[in-house]
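J.: from the sequence below, what's the structure:
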Amino acid sequence: MPPKKHSTLMMIIQQWRNNNAERSRMTTPQAVAHCDEITKNMTEHQGGTYSSQAKSADVAARAKREPMYRCGPAISAVERQERERAEKQMQMKLAIERILRDGREQHDLENTKFVFAAFNYFVKNNESIYIPAEFAACLYSLKSGKTSTYSSLINPNRLICGRYSAAQDHTESTHQLPLPPYAMGESDMSRLYSNILEYLRSCQSDNPHGPLVVFTSTELMPVVKGCFRYLAFACDMDMEEVEKQQIHVYDIQYLFYVLKIEVMGMSHLRSNAINKCITDTLFEYDYFEYHSGISCQYHEDRDRSKYCTQSMVARWSYLFSDYMCGDLAIKPLIGKHLPPKQEPKFTVE
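T.: Model (predicted):
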């Protein structure tokens, strides 16, 4: 909102009040009534002096006003948000590198376990909440490949008022799951969230007191965070409980990059030619996208495997294996490192 302009009358009232302590206790209507007669008896020169003071006060007020970003929030607020976002990004990268460093120092990087997770959603509720439609997660390591999978369709029972059209547009162009109240799957959000937490804890049995960490694609990070937030709030959990059981969502594409560097270092291979642009391109190319038999039956029947979360986490596992297992001379196993109907691209004697 722009600052209020200073009028000639208000400048006269301000000076009139400053000259007498008794007058300063008057209300504005009372002061206006007294000063109105004064302004009528003023000469043009005297009125011009107060008019100039009012204009100077307007200029000073505009100079004090903080510059805005594209007619929106203040630039300082935008810059602060950017700094906080960059700091969170750096903390996430350091956490991923710490996980890999611990595995390397224990000479057990090939057995380090990662949980890959993905959500489909019906509609975006607001800036940070997504209403979930489907969830899948799998446990993966380079040595054993994809060893377990948890997946569930989700029925949130209802959508927020006024968002049905947006939900219909999104679902028809992606996963094509039926909208609430005809959605399929688990409708008890408390039970669903408890099952997810139980599965994630079982995946981290080696470190039962450590934080729960899942990896997802850069594009899906806000979706996964928003869906977990929706489930936590749907369970009527207070903020203290939400913080206690917080699920950390990390970027799988950064993991893909730094893990490749670590694997090549272990194998004494030159990694100078590897950069994140290359690994991101390989990850986004997704050449296991059209393999059959790796998605849920619903999406398999409708030829929408590309958008199935169960298929997504499986494809990520196969991509990691295809890109790195050869460097460590790990023999690929069908169904764990490769799709059920895929022949290995390399052999290990």
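J.: could you look up the next helix or strand downstream of the lengthiest helix in the chain?
T.: For the chain, the helix with the greatest residue count under DSSP state H is helix 75-105. As assigned by DSSP states H and E, the chain's next helix or strand after helix 75-105 is strand 114-124.
J.: and the helix or strand hosting F283, what other elements does it pack with?
T.: Per DSSP H and E: F283 is located in helix 276-285. Packing partners of helix 276-285 (3 or more C-beta pairs under 8 Å, 6 or more residues apart in numbering; DSSP states H and E): helix 252-266, helix 309-324. C-betas here are computed from N, CA, C, even on glycine.
J.: let's see it at 7 Å
T.: Where contact means 3 or more C-beta pairs under 7 Å, 6 or more residues apart in numbering; DSSP states H and E, helix 276-285 is packed against helix 252-266.
J.: buried sites along the helix it packs on?
T.: 252-264 (16 or more other C-beta atoms under 10 Å).
J.: give me the angle between that helix and helix 309-324.
T.: Helix 252-266 and helix 309-324 are oriented at 20 degrees to each other (axes from the mean of the first three to the mean of the last three C-alpha atoms, to 10 degrees).
J.: still on that earlier bit, can I get the buried residues of helix 252-266 in a markdown table with pLDDT and distance to M221?
T.: Shown next, in a markdown table, are the buried residues of helix 252-266 (pLDDT from 0 to 100; distance: C-beta to C-beta, whole Å):
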| residue | pLDDT | distance to M221 |
| --- | --- | --- |
| I252 | 97 | 9 |
| Q253 | 96 | 10 |
| Y254 | 97 | 11 |
| L255 | 97 | 12 |
| F256 | 96 | 14 |
| Y257 | 96 | 15 |
| V258 | 95 | 17 |
| L259 | 95 | 18 |
| K260 | 94 | 20 |
| I261 | 93 | 21 |
| E262 | 93 | 22 |
| V263 | 92 | 24 |
| M264 | 91 | 26 |
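J.: let me have those in a markdown table, adding distance to N155 as columns.
T.: Converted to a markdown table, the buried residues of helix 252-266 look like this (distance: C-beta to C-beta, whole Å):
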| residue | distance to N155 |
| --- | --- |
| I252 | 27 |
| Q253 | 31 |
| Y254 | 33 |
| L255 | 32 |
| F256 | 33 |
| Y257 | 37 |
| V258 | 38 |
| L259 | 36 |
| K260 | 39 |
| I261 | 42 |
| E262 | 41 |
| V263 | 41 |
| M264 | 45 |
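J.: centre of the chain to the host helix or strand of L200, how far?
T.: Taking DSSP H and E as the criterion, L200 maps to helix 189-203. With C-alpha atoms, centre = their mean, to the nearest Å as the basis, helix 189-203 stands 21 Å off its chain's centre.
J.: counting by contacts, list what that helix packs against.
T.: Using 3+ C-beta pairs under 7 Å, 6+ apart: helix 189-203 touches strand 130-141, strand 212-216, helix 221-234.
J.: quick check: the most centrally placed residue in the chain vs Y121, distance?
T.: Compute the mean C-alpha point of the chain, and by C-alpha atoms, centre = their mean the closest residue is P222, 2.5 Å away. For P222, the distance to Y121 (C-beta to C-beta, to the nearest Å) stands at 10 Å.
J.: tell me the spacing between A74 and G210.
T.: Taking C-beta to C-beta, one finds A74 at 39 Å from G210.
J.: C-alpha coordinates for stretch 318-330, CSV please?
T.: Extracted C-alpha coordinates of stretch 318-330, given in CSV (Å, rounded to 0.1, in the frame of the first residue of the first chain):
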residue,chain,number,x,y,z
TYR,A,318,17.4,-49.9,-12.3
LEU,A,319,19.0,-46.7,-13.5
PHE,A,320,21.4,-46.6,-10.5
SER,A,321,22.3,-50.2,-11.1
ASP,A,322,22.8,-49.9,-14.9
TYR,A,323,25.0,-46.8,-14.4
MET,A,324,27.2,-48.0,-11.5
CYS,A,325,27.2,-51.7,-10.9
GLY,A,326,29.6,-52.4,-13.7
ASP,A,327,32.2,-50.1,-12.2
LEU,A,328,32.1,-52.2,-9.0
ALA,A,329,31.9,-55.6,-10.8
ILE,A,330,28.5,-56.3,-9.2
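J.: average pLDDT for that stretch, rounded please.
T.: What stretch 318-330 shows for mean pLDDT is 93.
J.: please apply the same query to stretch 339-349.
T.: Stretch 339-349 comes out at a mean pLDDT of 64.
J.: follow-up on the earlier one: which of the helices and strands packed on helix 189-203 is buried the deepest?
T.: The highest average neighbour count among those, using mean count of other C-beta atoms under 10 Å, belongs to strand 130-141 at a mean of 25.
J.: what is it packed up against?
T.: Using 3+ C-beta pairs under 7 Å, 6+ apart: strand 130-141 touches strand 114-124, strand 145-153, helix 189-203, helix 221-234, helix 309-324.
J.: for those, could you give me a markdown table that also reports distance to S165?
T.: Output for these, formatted as a markdown table (distance: least, C-beta to C-beta, whole Å):
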| stretch | distance to S165 |
| --- | --- |
| strand 114-124 | 9 |
| strand 145-153 | 22 |
| helix 189-203 | 24 |
| helix 221-234 | 20 |
| helix 309-324 | 24 |
